[in-house]
Structures are given as structure tokens and as C-alpha cells.
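In: Fold the following and give me the result.
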Amino acid sequence: MKWTNVRLFAMNFWHNATTLKTFYFLYLIFILLTAFAAVSGIQNHITQNDIREEHQTKARQSWEANPDKHPHRMAHFGTFAFRINAALGIFDYGLESFTGNTVFLEAHRQNSVNFSEATFSTGMLRFGELSLSLLLQLVLPLILFFLGFSSVAKDRQNGTLKMLLSQGATWKEILFGKSIGLFTISMLFFIPIFLAVIIALLIFGQQAANDFLWLRLLLISCGYLSFLFIISSITIIVSASTGTSKNALLRLLGIWLLLVVLLPKSAQAMGNYWFPTPSKLAFQSAIEKEVIKKGDSHNPNDPHYNNLKDSVLSVHNVNKVTDLPFNYSGFVMREGEKITSSLYRKHHKKLINIYKSQNDITQFSSFINPFIAIKQLSMTMSGTDFSSYIDFQNQADNYRYQLAQTMNELQMEYISPKKKSGSEGKTHVVNHEHWEEFKDFNHQPMAFSKSIKEAFLALISIVLWILFTFWLLLFTSKKAKAI
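Out: Purely as a prediction, here's the structure:
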């Protein structure tokens, strides 16, 4: 195979494709869509983060504005945790609109994350949002199919292939040359999008600058370059394997529908069927049953806490809890928080494992569907995937647990055990300055090491698809016919 000939075929494909008036019409539409997606993505990113940061500040001010109060009342007063939109969310919205961004944090109770965009929108959201990543994942492949469907089939129909082969060209040179030519044209669509992303990150992406932001973008760009080469090669292979241009276009459209609509929906349906999730009521009921069985800190006659009380009195060699060197009620609340939190985390881990099993079906389908592979890689590296959402949940619950236990420690230390138990009035209070000492919640992006671990399967899939594409080009070059 002579690379000079490959280059000539690539340049010839470029020339033929870019001289069509329809090409410039398509390009203009794509650039307009790119501009709209970039502006809407930046506006959405700024608006959402401004709203969340503003409400996080208000929640903190409300927390600090509390007067002298009983610590356990403060633990139930609680606060809010808001999830910050990742910088690369400008490029790929991922699951951002469906997973919620706010959770109320209080003692003894793990609340769900609420206020997702989907809960406030109409059913139109299910059709997707126009993002820069969506243009590369769904729209650009269709444009490449349109530009390349007749590249080989048309030459076969008008007899050009016979002339090329008779003059010494080989099928390898033709297929690789046209694939590279189509891939090069895809760069005209790819480069404006990533220039827009880079400019947006330089201006608006400061909050995630220390989280390997540019390395994430590099991996995303390499993934999309590989994806576009795969799509370009598949287009040329289908064109070379089909007798007429019309049939080639129909096959390519069928492939697009299969890979973009049918396979992803089937994978999701199979995941839900094989790994059903419990209802919210069943999930909470299971936790409540175990809490009652293990020990209810709000039940004065609970056997677990009666035994605990006897043990504590025995260790400190006293007969009454009022003789202990600390507030016993705070000690009980601290123990109760440990129990309820551990039980919740156990059940929550089981629930997350079910969701991961469902997602695994979709992720493993990336080995037969490159559209799934690039979507998973794009979302994960952008910090808008399911694992990033779970990471926020874990950060929020860890903060909630620390808040509750800090309040319990304050009760043990500052509320006198000699006084009658209770949290009402001005008798059982601590100084409000302690509220300021407890740091505010600050959401951090998921660590790059965790993201790359989540994206590993998608990366392997893309590499295998590249190797399979090269093999398919070589196989097609041996089987293709000029007539």
C-alpha cells in the first residue's frame, strides 16, 4: 500500500465533498447549532452555579444566625448541601438535568437529593438537550453518513473503480484514503466545538482548575477523534460493500437508528428487568425495621440502650446518669447516629450496587456499540455521569454525619448532666459561636483517579473499536468488487 496514493484519494475525497453546495449548507447549519449549544451551555452553567452558590450562602447565613440553642435542636435544624455544576458540564450535560442538586441535611435522617431540572420541565426533556457533546455524538455522524455514503458505491456505478484498479490502485489505498478524507472533513466540524469549549473553560472553568481539567479534556478529545475515525471508516466500508448509493444510505441510516435508539433502549430495559430496584417506601421501611431491631435512641425503654446505660454507669462507677461527667442524652444521640448512619449506608450501598449492575449492562454494550462508548467516556470525564452524582451524595452524607456528631459532642460537653433532661427554653443551651466553628459544606468534583476508573471500560471499548475498524478495512479490501 503506497501512502502517496492514500493521500491522493484522501485529497480527492476532500475536493469532491467540499465543492458541493449542500456541504456548505450543512456546515452553516452545524456552526449555527454549535454557537447556540455553546451559548446555552455557558448560560446554563453560570446560572445554575450562581443560583446554587447563592442558596448555599443563604443556608450558611441561616445556620450561623441561630441564637444560643440546644445542640440537638441545631442538629435537627440542619442545613442544605448544593451540588456545583462541573466545568465540563458546559460541553456535556450528561445526567445533570435528571439527578437533582440539593439535599437537606439533618440528624438521624438521610434525605434524597431533590430539585432536578426534570421535575420542573415538560416531557420534552426526554428527547434530550442540545449540547455540544450531542452534536458530536448524534448529529455529526449523520452528516458524515450523508457525505460519504456514495463515495465508493457511486464510483462503482459509473465505472471509475475499474479504471482506478486497472491503473494500479489497490482496494486498501482506496478505502484507507477515502476514510482519512472523510475523517479530515469531520475535523471541520470537530475543531470549532472544541475551540468553543477551551475558550469557555478559560473564562468560566476556574472552580475545577485543580481537578485535572485539561487532562480530562484531552481524554475527551482523543475519544471523540477515535469515534469520528470509526464512523468515517464504517461509512466508507458500507459504501464499498453496497451495490448502489441509495442502498448504502439506507444501510447507514439503519445502523444509526440501531446504535443510537434501539440498542441503548434495549440495554436499559434489560438492566431494569434483570436488576429491579426497590421502591422508595420499601427502601425506607427496610431501614426502619433494622433500626428498631438494632436500637431506637428515641425510645427510652429500648433494650439496647438500657443495656448501654447499665454499661456506662458501671464503667464510671455511678448509680445515676446525672452523676456522669458528661451529658448522657448527648451520648445516646451520638450512639444512635452511629447506628442509623451505618444501617442507611449499608442499604444505600446495596441500592447503588443495583443501579451499577443496571448501568453495567449499558456499559458492556459499548463493545458492540461505539456510540455508547463515547457517551460514557464523555459523561464520566465531564463529571456529569452517575458516579459523580453518587460522589456528591457521599460527600453530603459525610458532612451530615459530622454535623450531627459535632452537635452531639457539644451536648455531651456543655449541657450539664445535673440538669433535668430537655432541649426547651434557655436552660439547656450552648453559645451560638459554636455554629460558626463548624465549616460550611463545599462540594468538590469527583477525583480524577475515580473518574478514570469509571471510564476504563469505555476507553478499552474505544481502543478495541479502533482495532476492529482497521481489521474491517483490511477485510473489506480483500472482499470488495469493482462491479
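
In: Thr322 and His304, how far apart?
Out: Summarising the geometry, the distance separating Thr322 from His304, computed by CB to CB, to the nearest Å, is 21 Å. Where you see a C-beta, it was placed from the backbone N, CA and C, and this is true even at glycine.

In: how about low-confidence regions in the stretch 201-350 of the chain?
Out: In the prediction, the stretch 201-350 of the chain carries residues with pLDDT under 70 at positions 205-210, 300.

In: What are the phi and psi values at the spatially most central residue of the chain?
Out: Centroid-nearest residue in the chain, with CA atoms, centre = their mean: Asp385, separated by 0.8 Å. The phi/psi pair for Asp385 (degrees, to the nearest 10) reads phi -100, psi -180.

In: Pull the contacting residues for Leu259.
Out: For Leu259, the set of contacting residues under the criterion of CB atoms under 8 Å, 6 or more residues apart in numbering consists of 369-372.

In: host element of Leu351?
Out: Per DSSP states H and E, Leu351 falls inside helix 328-364.

In: Show me what that helix is packed up against.
Out: Packed against helix 328-364 by the contact rule (3 or more CB pairs under 8 Å, 6 or more residues apart in numbering; DSSP states H and E) you find helix 71-77, strand 109-110, helix 263-274, helix 280-294, helix 303-315, helix 370-382, helix 386-414, helix 456-479.

In: Burial-wise, tell me which of these comes out on top.
Out: Among the helices and strands packed on helix 328-364, ranked by average contacts under mean count of other CB atoms under 10 Å, first place goes to helix 370-382 (a mean of 26).

In: got the angle between it and helix 328-364?
Out: Taking axes from the mean of the first three to the mean of the last three CA atoms, to 10 degrees, one finds helix 370-382 and helix 328-364 inclined to each other by 150 degrees.

In: got the contact list for the residue of the chain most remote from its centre?
Out: Taking CA atoms, centre = their mean as the measure, the residue most remote from the mean C-alpha position of the chain is Asn319, 55.6 Å away. The neighbourhood of Asn319, defined by CB under 8 Å, 6+ apart, consists of Leu313.

In: mind running it again at 6 Å?
Out: The contact partners of Asn319, taken as CB atoms under 6 Å, 6 or more residues apart in numbering, number zero.

In: I'd guessed the residue nearest to the centre of the chain sits against Tyr93; true?
Out: No - with contact taken as CB atoms under 6 Å, Asp385 and Tyr93 are classed as non-touching, separated by 10.9 Å.

In: Which helix or strand contains Phe80?
Out: strand 79-82.

In: so what strands line up beside that strand?
Out: When sheet partners are counted by DSSP bridges, strand 79-82 sits next to strand 102-106 (antiparallel).

In: what pLDDT, on average, does the partner strand get?
Out: The predicted model gives strand 102-106 an average pLDDT of 95.

In: buried ones in stretch 314-330?
Out: Neighbour counts over stretch 314-330 (16 or more other CB atoms under 10 Å) mark 321, 324, 326-330 as buried.

In: I'd like the residues you listed laid out as JSON lines, including distance to Thr235.
Out: Listed next are the buried residues of stretch 314-330 as JSON lines, based on distance: CB to CB, whole Å:
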{"residue": "Val321", "distance to Thr235": "78"}
{"residue": "Leu324", "distance to Thr235": "77"}
{"residue": "Phe326", "distance to Thr235": "73"}
{"residue": "Asn327", "distance to Thr235": "73"}
{"residue": "Tyr328", "distance to Thr235": "74"}
{"residue": "Ser329", "distance to Thr235": "71"}
{"residue": "Gly330", "distance to Thr235": "69"}
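
In: between these, which is closest to Phe229?
Out: Gly330 (63.1 Å; CB to CB).

In: which residues of the stretch 101-250 of the chain fall in helices?
Out: Using DSSP state H, counting those that start in this stretch, the helices found in the stretch 101-250 of the chain span residues 117-120, 132-134, 140-148, 153-157, 160-166, 171-204, 213-241, 245-257.

In: got a list of contacts for stretch 214-225?
Out: Under the contact criterion CB under 6 Å, 6+ apart, stretch 214-225 has outside partners 136, 194, 374, 377-378, 381, 462.

In: 10 Å - rerun?
Out: By CB atoms under 10 Å, 6 or more residues apart in numbering, the list of residues contacting stretch 214-225 from outside reads 86-88, 91-92, 133, 136-137, 140, 183, 186-187, 190, 193-194, 197-198, 201, 205, 208, 212, 373-383, 445, 448, 451-452, 455, 458-459, 462.

In: so what secondary structure elements neighbour the longest helix along the chain?
Out: Secondary structure of the chain read by DSSP state H shows that its longest helix is helix 21-64. Secondary structure elements in contact with helix 21-64, counted by 3 or more CB pairs under 10 Å, 6 or more residues apart in numbering; DSSP states H and E, are helix 3-18, helix 71-77, strand 79-82, strand 102-106, helix 132-134, helix 140-148, helix 171-204, helix 433-437.

In: Can I get those in CSV including distance to Lys293?
Out: Converted to CSV, those look like this (distance: least, CB to CB, whole Å):
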stretch, distance to Lys293
helix 3-18, 70
helix 71-77, 24
strand 79-82, 30
strand 102-106, 23
helix 132-134, 47
helix 140-148, 55
helix 171-204, 50
helix 433-437, 34
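
In: intersection of neighbour lists for Asp385 and Tyr93?
Out: Shared contacts of Asp385 and Tyr93, defined by CB under 10 Å, 6+ apart, are found at Met379.

In: low pLDDT regions in the stretch 1-150 of the chain?
Out: By pLDDT under 70, the low-scoring segments of the stretch 1-150 of the chain are 118-128.
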